[in-house]
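A.B. asks: Curious how this folds, go ahead:
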Amino acid sequence: MSELTPRQQEILEAVLKIISERGLHDVSFRNIAKRIGISEPAIYRHFESKDQMYVRLMAYLTNSIASKFQTYDLEKGNAIDLMERMFIEFIEKVVKKWPMFFTLFSAGMFQNKPVLLDEISATIHMGVSLIEQILIRGQKERVVRQDVDPRQLAWIYIGSFHFSMENWNISGQGSD
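C.D. replies: This next block holds a predicted model:
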């Protein structure tokens, strides 16, 4: 996928703000145009459709997450320390925008749009692969159970995290 132009990035940032403030249902080319002060037809010069815009938005978020994970020093500390640092930082960054993040990465929102589901799937698999690498290292360090496949542990970790965040969101962002 090609790099985003500055205008495309501005449009996607406006979409994120609209989703965070008013929800996915309020995302329209009209509302986006109004927010950034351009005409509605100008948006069509940058994105052919809402679906294309959402695909680029998810790719943009996935790339942001991936580039953040790439900054971790995988050699620093043991695997458990690394998982803890990643978890805490992810919570600090994502929890502030959880309703928006949850909305965008909710498969139910896009069930009739295979290209969007593919992007969601790619993001999830990227996270699972990263966690799996760390768990393999943890098994070598003998700080992670060795009798369970690291890929399965990664899926358990992602699933547990997802359900914990959903519970947090449903309960009005209370702590538990």
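
A.B. asks: hmm, which helix or strand of the chain has the shakiest average pLDDT?
C.D. replies: Lowest on mean pLDDT, DSSP states H and E among the helices and strands of the chain sits helix 98-104, with a mean of 58.

A.B. asks: helix or strand right after it?
C.D. replies: The first helix or strand that comes after helix 98-104 along the chain, using DSSP states H and E, is helix 114-141.

A.B. asks: helices or strands up against that next one?
C.D. replies: helix 50-70, helix 79-94, helix 150-170 (3 or more CB pairs under 8 Å, 6 or more residues apart in numbering; DSSP states H and E). For the C-beta atoms, the positions are set from N, CA and C on the backbone; glycine is no exception.

A.B. asks: Out of those, which is the most enclosed?
C.D. replies: Mean neighbour count (mean count of other CB atoms under 10 Å) peaks for helix 50-70 among those, with a mean of 16.

A.B. asks: so that helix versus helix 79-94, what angle?
C.D. replies: Here helix 50-70 runs at an angle of 140 degrees relative to helix 79-94 (axes from the mean of the first three to the mean of the last three CA atoms, to 10 degrees).

A.B. asks: follow-up on the earlier one: could you export the helices and strands packed on helix 114-141 as CSV, including distance to residue 29 and mean pLDDT?
C.D. replies: Shown next, in CSV, are the helices and strands packed on helix 114-141 (distance: least, CB to CB, whole Å; pLDDT from 0 to 100):
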stretch, distance to residue 29, mean pLDDT
helix 50-70, 7, 80
helix 79-94, 27, 79
helix 150-170, 28, 83
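
A.B. asks: Dump those helices into a markdown table; add distance to residue 139 as well.
C.D. replies: Shown next, in a markdown table, are the helices and strands packed on helix 114-141 (distance: least, CB to CB, whole Å):
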| stretch | distance to residue 139 |
| --- | --- |
| helix 50-70 | 20 |
| helix 79-94 | 8 |
| helix 150-170 | 6 |
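
A.B. asks: right, and the ones you listed - which one's nearest residue 39?
C.D. replies: Closest to residue 39 of the helices and strands packed on helix 114-141, according to CB to CB: helix 50-70, at 15.9 Å.

A.B. asks: From residue 10, how far off is residue 17?
C.D. replies: Distance, residue 17 to residue 10, using CB to CB, to the nearest Å: 11 Å.

A.B. asks: do residue 79 as well
C.D. replies: 39 Å.

A.B. asks: Same check on residue 157?
C.D. replies: Residue 157 is 35 Å from residue 10, by CB to CB.
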